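Enquirer: My questions are about this predicted structure, shown below with the sequence.
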Amino acid sequence: MTTEHFDAVIVGAGFAGIGAAIQLKRLGIDDFVILEREDDLGGTWYVNHYPGLAVDVPTTTYSYYFEPNPNWSRLFTPGPEIKRYADDVADKYDVRRHIRYSVNVEGARWDDDASVWRVALRDGTTLSGRYLLTATGFLSQPKIPDIPGIDDFDGRIIHTTEWQDDFDPAGRRIAVIGTGATAVQLIPELAKSAADLTVYQRTPIWVVPKIDLRFGAFAKKLFARIPATQRVLRWFTSSVYEVMVSVGVVHYKTFRGRGNISAADLSRLHRFVVIRDKDLRRRLTPDYDFGCKRPTFSNGFYRAFTRPNVHLQDVGIDHVQSDGIVGKDGTKVLVDTLVLATGFDLWEANFPAIEVIGREGRNLGKWWRDTRFQAYQGVSMPQFPNYLSLASPYAFLGLNFFNTMEYQMRLMDRLFSEVKRRGATTFEVTEEANARYLDRMTELLGESLFTQGNCASARSYYFNPAGEPTLLRPTTTETAIREATEFPLSDYRIA
Ligand code: NAP
């Protein structure tokens with residue numbers, strides 16, 4: 001039963017949902033609701049609170065372009081500060097009153113007769129909205145590994161997205177499964193006090209040193225009094241990341257992988273300086289190109305393996321028993337706590353995160369899988385009128401979610417303004433524009449690290465299950481922003 005109608009329904013109250021809400025308000029649309037599955041806002045920065053959590057993009061850059069924060073304590077800010085930033089921005093732009101918490105959205109269906117989206121909730125109610133925006137994030141569906149015997153384990157099992165704050169690692173025998181970006185931050189923290197820590201590595205990860213800075217009272221005062229100083233720093237940190245992505249990923253072929261080789265050398269040097277055991281260094285060395293999988297920054301990860309209480313296990317897990325883990329080589333490690341740093345199910349559970357059915361019954365998830373993963377400008381699909389999917393194939397820009405949001409917010413501005421100017425009720429990307437865009441993305445990816453480099457063994461979530469690298473948008477931030485502000489309006493049917 002449809003109970004309420006809104007001009008817009010946003011799914012997700014993380015940074016993307018908050019950004020979309022701010023943009024709607026700027027466009028004069030205030031009648032909207034944000035539906036959030038958790039009981040607080042902030043998305044990934046609310047859900048994740050494991051020890052060691054910090055952003056791995058400088059926070060000078062990891063913030064809304066229109067809302068610099070002079071109060072960051074460090075260049076690579078700890079997680080709780082970023083959650084506070086989300087709270088502050090939501091308050092400042094009066095977004096909070098639009099959010100409904102602990103709401104599970106089952107799916108959305110386009111009603112062509114009424115020209116509205118019908119959004120079904122798990123409690124049986126249905127809301128309707130003229131516009132639908134899904135801001136469900138890329139890494140929001142935790143992956144629980146299907147390891148034989150895991151259900152028989154008698155100790156504590158903690159997935160990193162459900163960190164138990166009362167858990168004290170002191171004196172525990174801990175196993176961490178996974179060596180992704182999360183594990184790289186968590187392992188040095190657990191290593192400090194665990195009686196025994198065994199790290200189960202399936203695929204090694206490239207780790208380079210983290211050059212962090214503390215922003216003292218002087219810097220904070222300077223950023224607050226003279227905002228241009230922070231803008232200059234933002235320009236600098238953004239440029240460094242932009243060059244890294246351009247040289248190492250997007251234009252890999254042109255630069256013949258030189259940037260990647262240099263970064264890999266830096267990681268090698270880092271391992272050489274920290275770890276004296278040659279065999280351990282070899283086991284921690286990836287055999288795929290730097291950048292195929294998201295590289296990480298840490299000064300503590302390699303060092304943790306030099307402690308007597310920390311062990312690397314890389315022969316694979318055979319099965320879990322009630323009191324430990326048996327490796328593929330038959331050896332058993334006694335464990336009382338199993339930490340699953342196993343990441344997220346991006347392609348199966350997240351694309352899309354809810355069932356979305358457009359015009360003529362087109363089911364988004366099925367269509368993506370029957371054809372190819374695709375989304376015009378990383379947000380629009382044909383047959384899905386008045387819908388922007390902010391977590392789409394080809395949407396994620398470089399290494400920074402806030403750059404992604406910047407171009408998406410600017411695209412909203414251009415598109416919704418035009419709809420308003422024409423007094424229209426619907427917009428929908430044309431099949432031709434979408435196909436053209438997909439062809440271009442495919443062509444650009446042909447020059448990139450993902451096609452030209454050696455990524456076969458990386459097991460990277462940048463690749464979909466069919467092996468295509470359809471997550472990242474292979475352009476610079478500048479190009480994405482220019483396209484978002486200048487795309488031909490004829491790419492959309494606005495009626
Ligand atoms: P992830 O990068 O996907 O890593 C998951 C790890 O678990 C991998 O090492 C994976 O091994 C392993 N794994 C998964 N299933 C397994 C199984 N059945 N058996 C053995 N090992 C298994 O996930 P993540 O570390 O949570 O990081 C995800 C992303 O979140 C990062 O890439 C980054 O973008 C973001 N992140 C950001 C920050 C930050 O900015 N502060 C911090 C943390 C994470 P394989 O590689 O062999 O699959």
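Expert: All right, it came through fine. All of these numbers come straight from a predicted model, not from anything done at the bench.

Enquirer: Please count neighbours and contacts with C-alpha atoms only from this point.
Expert: Fine.

Enquirer: what does the stretch 251-400 of the chain put close to the ligand?
Expert: 294, 341, 342, 343, 344 (CA under 6 Å from any ligand atom).

Enquirer: CSV for those, including secondary structure, distance to residue 163 and neighbour count?
Expert: Output for those, formatted as CSV (DSSP: H, G, I helix; E, B strand; the rest coil; distance: CA to CA, whole Å; neighbours: other CA atoms under 10 Å):
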residue, secondary structure, distance to residue 163, neighbour count
294, coil, 22, 16
341, coil, 10, 26
342, coil, 13, 20
343, coil, 13, 24
344, strand, 15, 18
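
Enquirer: the strands in the stretch 351-495 of the chain, which residues?
Expert: For the stretch 351-495 of the chain, the strands defined by DSSP state E, counting those that start in this stretch cover 355-357, 387-389, 396-397, 427-429, 472-473, 492-494.

Enquirer: Show me what the fourth one is packed up against.
Expert: This means strand 427-429. On a contact count with 3 or more CA pairs under 8 Å, 6 or more residues apart in numbering; DSSP states H and E, strand 427-429 meets strand 492-494.

Enquirer: Put together TSV for the strands of the stretch 351-495 of the chain, with distance to residue 336 on each row.
Expert: Conversion of these to TSV gives the following (distance: least, CA to CA, whole Å):
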stretch	distance to residue 336
strand 355-357	39
strand 387-389	42
strand 396-397	38
strand 427-429	53
strand 472-473	39
strand 492-494	57
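
Enquirer: now these in JSON lines, with distance to residue 377, mean neighbour count and mean pLDDT?
Expert: JSON lines is the format used below for these (distance: least, CA to CA, whole Å; neighbours: other CA atoms under 10 Å; pLDDT from 0 to 100):
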{"stretch": "strand 355-357", "distance to residue 377": "19", "mean neighbour count": "22", "mean pLDDT": "98"}
{"stretch": "strand 387-389", "distance to residue 377": "10", "mean neighbour count": "25", "mean pLDDT": "98"}
{"stretch": "strand 396-397", "distance to residue 377": "10", "mean neighbour count": "24", "mean pLDDT": "92"}
{"stretch": "strand 427-429", "distance to residue 377": "10", "mean neighbour count": "22", "mean pLDDT": "98"}
{"stretch": "strand 472-473", "distance to residue 377": "9", "mean neighbour count": "22", "mean pLDDT": "94"}
{"stretch": "strand 492-494", "distance to residue 377": "12", "mean neighbour count": "19", "mean pLDDT": "98"}
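
Enquirer: List the backbone torsions phi and psi for the residue nearest to residue 47 when sequence neighbours are not counted.
Expert: Once flanking residues are discounted, residue 47 sits nearest to residue 161: 5.8 Å by CA to CA, 6 or more residues apart in numbering. Dihedral pair for residue 161: phi -80, psi -10, per degrees, to the nearest 10.

Enquirer: Could you verify my assumption that residue 161 touches residue 45?
Expert: No - Residue 161 sits out of contact with residue 45 when judged by CA atoms under 8 Å, with a separation of 9.9 Å.

Enquirer: need the contact list for residue 436.
Expert: If you count contacts by CA atoms under 8 Å, 6 or more residues apart in numbering, residue 436 has none.

Enquirer: so which of the strands of the stretch 351-495 of the chain comes closest to residue 13?
Expert: strand 387-389 (14.0 Å; CA to CA).

Enquirer: End to end on stretch 21-34, go ahead and measure it.
Expert: End-to-end span of stretch 21-34 (CA to CA, to the nearest Å): 8 Å.

Enquirer: Oops, could you answer that again for stretch 339-346 instead?
Expert: 20 Å.

Enquirer: and the helix or strand of the chain with the lowest mean pLDDT, which residues are buried?
Expert: Lowest by mean pLDDT, DSSP states H and E among the helices and strands of the chain is helix 347-350, with a mean of 88. The neighbour-count check on helix 347-350 (16 or more other CA atoms under 10 Å) flags 347, 349, 350 as buried.

Enquirer: separation between residue 319 and the ligand?
Expert: 10 Å (CA to the nearest ligand atom, to the nearest Å).

Enquirer: Point out where the stretch 1-150 of the chain drops to low pLDDT.
Expert: 1-2 (pLDDT under 70).

Enquirer: switch the cut-off to 90
Expert: 1-3, 56 (pLDDT under 90).

Enquirer: Nearest to the ligand: which residue in it?
Expert: residue 55 (3.4 Å; CA to the nearest ligand atom).

Enquirer: From what I see, that residue and residue 81 are in contact.
Expert: No - applying CA under 8 Å as the test, residue 55 and residue 81 come out as separate, 9.9 Å apart.

Enquirer: can you pull the buried residues of stretch 82-100?
Expert: 82, 83, 85, 86, 87, 89, 90, 95, 96, 98, 99, 100.

Enquirer: doesn't residue 34 fall inside a helix?
Expert: No - the assignment for residue 34 is strand, going by DSSP: H, G, I helix; E, B strand; the rest coil, so no helix is present there.

Enquirer: Tell me, domain by domain, which residues of this structure belong where.
Expert: 2-141+346-494, 150-210+243-340 (automatic domain parsing).

Enquirer: Give me the distance from the shortest one to the chain's centre.
Expert: Read that as domain 150-210+243-340. Computed by CA atoms, centre = their mean, to the nearest Å, the chain-centroid distance of domain 150-210+243-340 equals 19 Å.

Enquirer: now the residues of the stretch 251-400 of the chain next to the ligand in JSON lines, with distance to residue 451?
Expert: Formatted as JSON lines, those follow (distance: CA to CA, whole Å):
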{"residue": "294", "distance to residue 451": "16"}
{"residue": "341", "distance to residue 451": "28"}
{"residue": "342", "distance to residue 451": "26"}
{"residue": "343", "distance to residue 451": "24"}
{"residue": "344", "distance to residue 451": "23"}
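
Enquirer: Out of those, which is nearest to residue 49?
Expert: Nearest to residue 49 among these, with distances taken as CA to CA, is residue 341, at 12.7 Å.

Enquirer: what's the closest non-adjacent residue to that closest one?
Expert: Excluding the flanking residues, the one nearest residue 341 by CA to CA, 6+ apart is residue 178, at 5.1 Å.

Enquirer: again with residue 76
Expert: residue 58 (5.0 Å).

Enquirer: Regarding this structure, what is its longest helix?
Expert: In the chain, with assignment by DSSP state H, the single longest helix is helix 401-422.

Enquirer: Mind checking the strands of the stretch 351-495 of the chain for the one nearest to residue 315?
Expert: Nearest of those (CA to CA): strand 472-473, 31.3 Å.

Enquirer: and the closest one, what other elements does it pack with?
Expert: strand 396-397.

Enquirer: and the strand it packs on, what does it pack onto?
Expert: helix 401-422, strand 472-473.

Enquirer: does the ligand sit close to the longest one?
Expert: No - figure legend: helix 401-422 not in contact with the ligand (CA under 6 Å from any ligand atom); closest approach 9.3 Å.
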